[in-house]
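# I would like the atomic coordinates for the input below:
(one chain, ligands or ions: 1)
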Amino acid sequence: ISPAPENDSLYQAMGGQAGINRVVEGLLYQIADDERIVHHFADTDIVRLQEKLQEQFCVEAGGPCVYSGDSMADVHAGFELTEADFNALVEDLIAAMEAEQLPVTVQNRLLQRLAPMRADIIYR
Ligand code: HEM
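Just a heads-up that it's a prediction; the model follows:
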């Protein structure tokens with residue numbers, strides 16, 4: 001787990017919670033259309049996933065939120081996710097951020113916050 005950001009500049013650059021929520025919604029639509037990975041979500045409570053992603057992205061962007069979901073290792077264990085699965089989801093997230101016209105510098109700051117989670121998400 002990386003330490004929380006020291007300020008909320010990324011949260012502000014993403015448009016606060018409303019902007020983050022639009023990115024999360026776009027991500028969920030991208031995943032729904034992504035035949036490479038959508039099968040993993042067949043039994044998922046999407047309303048819960050949306051809520052937890054909204055919280056998590058807010059925290060990682062330095063916003064005033066608390067993440068109430070489970071650990072990345074616990075959540076993703078059992079899906080046997082590959083590096084290709086991980087990269088596909090990152091591509092979907094980038095597409096969602098592009099659709100919100102977030103500058104690449106802002107996109108990269110969020111991706112850098114999420115990248116360290118990779119080791120907990122990919123199956124070993
Ligand atoms: C940076 C990458 C990722 C992040 C930040 C992330 C984040 C999350 C979060 C916050 C949750 C909700 C946890 C909870 O309900 O308590 C979740 C659930 C889930 N994630 Fe990920 N995830 C990532 C990558 C992936 C990938 C690559 C896949 C599959 C292709 C995946 C599949 C799932 C599934 C299927 C669930 C729902 C689990 C269930 O229904 O019990 N995730 N993820």
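# spell out which parts of the chain neighbour the ligand.
By the rule C-beta under 6 Å from any ligand atom, the part of the chain lying against the ligand is 37, 40-41, 43-44, 48-49, 52-53, 56, 69-70, 75-76, 79, 81, 85-86, 89, 114, 117, 121. Just so you know, the C-beta spots here come from the backbone N, C-alpha and C atoms, and that holds for glycine as well.
# again, 8 Å this time
31, 36-37, 40-41, 43-45, 48-49, 52-53, 55-57, 67-70, 72, 74-76, 79, 81, 85-86, 88-90, 93, 114-115, 117-118, 121-122 (C-beta under 8 Å from any ligand atom).
# tell me which residue in this protein sits closest to the ligand.
Relative to the ligand, the nearest point of the chain is residue 69 (2.8 Å; C-beta to the nearest ligand atom).
# tell me the contacts of the closest residue to that residue other than its chain neighbours?
Spatial nearest neighbour of residue 69, excluding adjacent residues (C-beta to C-beta, 6 or more residues apart in numbering): residue 52 at 3.6 Å. Residues in contact with residue 52, defined by C-beta atoms under 8 Å, 6 or more residues apart in numbering, are 67-69.
# now do residue 81
40, 121-123.
# Three-state assignment for it, please.
coil (DSSP: H, G, I helix; E, B strand; the rest coil).
# report pLDDT for it.
Here, the pLDDT recorded for residue 81 equals 98.
# next, give phi and psi for it.
Backbone dihedrals for residue 81, given as degrees, to the nearest 10, come out at phi -70, psi 140.
# if we can go back for a sec, want to try JSON lines for the contacts of residue 52, with neighbour count and secondary structure as columns?
As requested, the contacts of residue 52 are exported to JSON lines (neighbours: other C-beta atoms under 10 Å; DSSP: H, G, I helix; E, B strand; the rest coil):
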{"residue": "67", "neighbour count": "15", "secondary structure": "coil"}
{"residue": "68", "neighbour count": "9", "secondary structure": "coil"}
{"residue": "69", "neighbour count": "14", "secondary structure": "coil"}
